[in-house]
Every structure is written in structure tokens, then in C-alpha cells.
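S.K.: Next comes the sequence, and after it the predicted model I'd like to discuss.
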Amino acid sequence: NSKVIQTPRYLVKGQGQKAKMRCIPEKGHPVVFWYQQNKNNEFKFLINFQNQEVLQQIDMTEKRFSAECPSNSPCSLEIQSSEAGDSALYLCASSPGQGNTEVFFGKGTRLTVV
Amino acid sequence: GDQVEQSPSALSLHEGTDSALRCNFTTTMRSVQWFRQNSRGSLISLFYLASGTKENGRLKSAFDSKERRYSTLHIRDAQLEDSGTYFCAAEGSNYQLIWGSGTKLIIKP
């Protein structure tokens, strides 16, 4: 069973508001991923980290999201100005390394932008 | 770009029957994971395979070791608790997971 902890489970924000969610990866896992799952069950990779360093991120994340994985603190993903289209399930995952390793997911944060 | 084609998109079975899900990859993948997602959104990892087959109870999964272009998930003797949406996710060359579109499985008494 995964030990990745995501908070909050549910988040409701108005358009234009900031939306911040947190993730504590499994102990000993230096690689953290964020994925977005929309209402059509489509997954989109957002960003990944190795320790505190960003490895890869998509254009949308770079422009509209603020994400970090500080040492000794939870990782976080924050939408600077929420839009209706950001309503989705945000899934955090961690793994022991980059590549050829199992990825473990948290229970997700379901964001609703009203 | 790299894609994953998952089939079937939906499946309705009676308890006690067997089923098979399949994911085809448009290119060679490093590994594959299978998940079941419940109604609250929680993703439960079923299998991780870099090659070969794995079995866990009534579930069995295989990853084509030669071409690395497809994977299967077999469910034997389906039970009500097997209901959910199943996803395969393959690891591409850039280490990101590429997801299938999901199989919604309903088990009927």
C-alpha cells in the first residue's frame, strides 16, 4: 500500500483564487511526480522533481503553477489563478529513482473551481 | 508522441467469470504498471512489470518481453470487489508515465 500522503482530499476555489495542495512522498523516495486527471479520465503529466530539483515540467505548469519540493517539508503544487478548466483530480506520486521503478500514488486532491 | 491504447473501454461481467484487459503501446516502453481506481479516485497499484509475468491471487499480468509493445491483465473468477476503473500506465523514454484511457469494469452478482 502506498504511503504517499496528499492534503487536502477536496478543495473548492473560486475563479482567480490560488489553489494549493500538498504531498508527502514515501520516506526515502527522492523522485516526486504530479499528474492531473480530468473528468474524462485523461491523465496529464505536470511536473517531476528529484529531491528539490525540477526534472521536467510542461508549459502550462511553468506559466500558471508554482511547485516545489523543499527539503524536510511537504512538496506543494499551487495554481496561481484558478480557472474552471483546472477542476480535476491532482495526483502526487513518488518513486525510489527515475526510471524503471514502481511509482506509488497518493489518494489525490480533488479540486473544484466554481 | 508515444501513446497507449487500452481495451476494452468498458466491461460488464457476472461474478465468477474471467476477463482480460489489454494495452498496446505505439513504441517500446521501459515498464508498465496496472492500477485500479475506486469511485473516490484512489489509485491502487496492482502490478509493476519491467518484463515477464506476475501473479497475485486472481490477478495476473504480463508484459511482452520481446518487443515491449503490449501488456495484459487477466482477472480470474471475478468478484464484486473487483469493480472499478482499471488503468495501465507505461513508462516512456522520458521517464513519464503514459496512461491508457481506462477500462470501467462492473461485476454483477
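M.R.: Cool, got the structure.
S.K.: List of residues touching stretch B:36-43?
M.R.: A:37, A:89, A:91, A:105, A:107-108, A:110, B:35, B:44, B:46, B:82, B:84-87, B:102 (Cβ atoms under 8 Å, 6 or more residues apart in numbering or on different chains). All C-beta spots, glycine's among them, are computed from the backbone N, C-alpha and C.
S.K.: mind checking the end-to-end distance for it?
M.R.: Criterion Cα to Cα, to the nearest Å; first-to-last residue distance in stretch B:36-43 is 6 Å.
S.K.: picking up where we left off before, mind listing which of the contacts of stretch B:36-43 are in strands?
M.R.: Among the contacts of stretch B:36-43, the ones falling in strands (DSSP state E) are A:37, A:89, A:91, A:105, A:110, B:35, B:44, B:46, B:84-87.
S.K.: picking that back up, widest-spaced pair of the contacts of stretch B:36-43?
M.R.: A:110 and B:82 (23.6 Å; Cβ to Cβ).
S.K.: now the strands for chain B?
M.R.: For chain B, the strands defined by DSSP E cover B:4-7, B:10-14, B:19-25, B:31-37, B:43-49, B:52-56, B:59-63, B:70-75, B:84-91, B:97-99, B:103-108.
S.K.: before we move on, back to that, quick check: which of the contacts of stretch B:36-43 has the minimum pLDDT.
M.R.: Among the contacts of stretch B:36-43, residue B:44 carries the weakest pLDDT, at 93.
S.K.: Look up the pLDDT of the residue nearest to it when sequence neighbours are not counted for me, please.
M.R.: Using Cβ to Cβ, 6 or more residues apart in numbering or on different chains and skipping the chain neighbours, the partner closest in space to residue B:44 is residue B:36 (4.9 Å). According to the prediction, residue B:36 has pLDDT 97.
S.K.: tally of neighbours for residue B:36?
M.R.: Neighbourhood size, residue B:36 [other Cβ atoms under 10 Å in any protein chain shown]: 21.
S.K.: same check, this time on residue A:109
M.R.: 23.
S.K.: do residue A:20 as well
M.R.: Using other Cβ under 10 Å, residue A:20 is surrounded by 15 other residues.
S.K.: what residues are up against it?
M.R.: A:76-79.
S.K.: one more time with 10 Å, if that's ok
M.R.: A:7-8, A:11, A:13, A:66, A:76-80, A:109 (Cβ atoms under 10 Å, 6 or more residues apart in numbering or on different chains).
S.K.: closest to residue B:95 among those residues?
M.R.: residue A:77 (18.7 Å).
S.K.: Not counting residues beside it along the chain, what's closest to the closest one?
M.R.: residue A:67 (4.8 Å).
S.K.: three-state assignment of the one you found?
M.R.: Following DSSP: H, G, I helix; E, B strand; the rest coil, we place residue A:67 in the strand state.
S.K.: For it, give me its contacts.
M.R.: Counted by Cβ under 10 Å, 6+ apart, residue A:67 has contacts A:21, A:23, A:32, A:34, A:46-49, A:54, A:57, A:61, A:75-79.
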